[in-house]
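Colleague: Sequence first, predicted model second:
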Amino acid sequence: MRQRAVVWFYPLLILGLLIGCAPVLKTGRGGAVLPRPTVILGIFGGMGPEATANLYQLVVERTPATRDQEHIPTLIYSLPQVPDRTTAILSGDPSILPFLKEGVTRLEKAGASYIAIPCNTVHYYYDQMQGSVKIPIIHMIRETAEEVKTRYPQAKKVGLLATSGTISTGLYEKEFAARGIEVVVPTKNILENYVMKAVYLIKAHGDKQQAEEWLCLAGKELEHDGAEVVVLGCTEIPLAFNPKRSGVPVVSATRVLADRAIARYQEFLRMEIK
C-alpha cells in the first residue's frame, strides 16, 4: 500500500511544480486557460487625477494599434492623497515619502513591468522612488529635455512653464544644462499670479478659458525673454494651454512621457522575442 502511494505521489508532485512554475497562465471561467500579459505598464497617478487620465488617453491615442488587443496592458494606481508636492519641497517636509513609496511598490507588487508618473514636480523624489522598486521608472524630466534636444537641435534657450516647486528644484535646468541649453522661467509675479493660479484652477475643475488666458500670458513672457521652445513642465498645464497661440514650438512633458511609455513597452516585447 505504501509503495502505491509513493508511485502516485511523485507524478502529482511534478505536476504541481509545473503548474506553480507557469506564471504566464491563469484559469478563467469554465477552466479555460488564458494568457497573462508578460509586459504591463504601471501608471502612478492622482497628482492630479485629471492629468493621470490625460496621460492614459495619450497612451491610447498614440499607440500604433488597429484593434483592442494591440493596446498596452496597463495598471493605473491613482492616489490623490499624496501631499501637495510643491508644498512638500518648499517646506522640506519628508512626510510625502511614504505615499510615494506606497504608489510605486503597489504597482510593482501588482505586476507592473515599468512605471510612468504623470507629475513633473514629484520627480524631485525620483531617486527615492526608484530605490524602492526593482522595475524601472521613466524619468519624465530627463526624457523631455532629450526630446527638445532631438527635435530642436538648434535651440539654445528654452522657456519653462511649471509649478514653483518644480522650478525651485532646478531639475529642468540641470537636464537642459547638460545638453547645452539655457532655461528661462516666468518672473515671480507671473509665476504666482498666473501659472500657479492656473494650475490650481485646473485641479479644481475651474474655468479653463481663464486658465488658458493666464498661461498664454506666461508663455508670451517667456517668448519675450528669448525662448525658442516652450516646455509645458506641469501635467495640468497641457489641459488648458493652447499651443496655437504660441509663437514658438511647444513641447508637452505629458506627451513625451506617453511616447516613452509606448516605446518602452515595445522595447520590452523585442527583448522577450530575443
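Modeller: Received, thanks. Residues are numbered from 1 along each chain as shown.
Colleague: Name the nearest residue to residue 118, ignoring sequence neighbours.
Modeller: Leaving aside its chain neighbours, residue 118 sits nearest to residue 55 (4.0 Å; criterion: C-beta to C-beta, 6 or more residues apart in numbering). In this view, the C-beta of every residue, glycine as well, is placed from N, C-alpha and C.
Colleague: This protein: helices as residue ranges?
Modeller: Taking DSSP state H as the test, the helices found in the chain are 2-20, 49-62, 85-91, 97-110, 126-130, 140-151, 164-169, 171-177, 188-190, 196-203, 208-224, 253-273.
Colleague: Please identify the nearest residue in space to the most centrally placed residue in the chain, excluding sequence neighbours.
Modeller: Closest residue to the average C-alpha location of the chain: residue 117 at 2.8 Å, with C-alpha atoms, centre = their mean. Excluding its sequence neighbours, the residue lying closest to residue 117 (C-beta to C-beta, 6+ apart) is residue 44, at 4.8 Å.
Colleague: what's the spacing between that neighbour and residue 264?
Modeller: For residue 44, the distance to residue 264 equals 15 Å [C-beta to C-beta, to the nearest Å].
Colleague: who's more crowded, these two?
Modeller: The residue with more neighbours, out of residue 44 and residue 264, is residue 44; 28 against 20, by other C-beta atoms under 10 Å.
Colleague: Now do the contacts for that one.
Modeller: Listed by C-beta atoms under 8 Å, 6 or more residues apart in numbering, the contact set of residue 44 reads 77, 79, 103, 104, 107, 115, 116, 117.
Colleague: Residue 175 too?
Modeller: For residue 175, the contacting residues are 141, 142, 144, 145, by C-beta under 8 Å, 6+ apart.
Colleague: Can you report how many residues neighbour the third one?
Modeller: Here the number of neighbours of residue 144 (other C-beta under 10 Å) works out to 27.
Colleague: who's in contact with it?
Modeller: Taking C-beta under 8 Å, 6+ apart as the test, what residue 144 contacts is 172, 175, 231, 233, 251, 253, 256, 257.
Colleague: So what's the predicted local confidence for it?
Modeller: Confidence at residue 144, expressed as pLDDT, is 98.
Colleague: same thing with the first one?
Modeller: As predicted, residue 141 sits at a pLDDT of 98.
Colleague: Just to check, it is in contact with residue 171?
Modeller: Yes - using C-beta atoms under 8 Å, residue 141 is in contact with residue 171, at 5.0 Å.
Colleague: shared neighbours of the two, which are they?
Modeller: Common neighbours of residue 141 and residue 171 (C-beta under 8 Å, 6+ apart) are 120, 123.
Colleague: how much space is there between residue 125 and residue 187?
Modeller: In terms of C-beta to C-beta, residue 125 sits 27 Å off from residue 187.
Colleague: quick one on the thing from earlier: from the contacts of residue 175, which is closest to residue 156?
Modeller: Using C-beta to C-beta, residue 145 is the member of the contacts of residue 175 that sits closest to residue 156, with 13.5 Å.
Colleague: re earlier: ok, what's across the strand from the residue nearest to residue 117?
Modeller: Note on residue 44: beta-bridge partners by DSSP bridges are residue 77.
Colleague: about what we covered before: of the helices of the chain, which is nearest residue 245?
Modeller: helix 208-224 (5.1 Å).
Colleague: what's that closest one packed up against?
Modeller: In terms of contacts (3 or more C-beta pairs under 8 Å, 6 or more residues apart in numbering; DSSP states H and E), helix 208-224 is packed against strand 157-161, helix 188-190, helix 196-203, strand 229-232.
Colleague: want to throw the ones you listed into a markdown table with mean neighbour count?
Modeller: A markdown table is the format used below for the helices and strands packed on helix 208-224 (neighbours: other C-beta atoms under 10 Å):
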| stretch | mean neighbour count |
| --- | --- |
| strand 157-161 | 25 |
| helix 188-190 | 12 |
| helix 196-203 | 21 |
| strand 229-232 | 26 |
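Colleague: and these as a markdown table, adding distance to residue 67 and mean pLDDT?
Modeller: Formatted as a markdown table, the helices and strands packed on helix 208-224 follow (distance: least, C-beta to C-beta, whole Å; pLDDT from 0 to 100):
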| stretch | distance to residue 67 | mean pLDDT |
| --- | --- | --- |
| strand 157-161 | 37 | 98 |
| helix 188-190 | 46 | 97 |
| helix 196-203 | 34 | 96 |
| strand 229-232 | 31 | 98 |
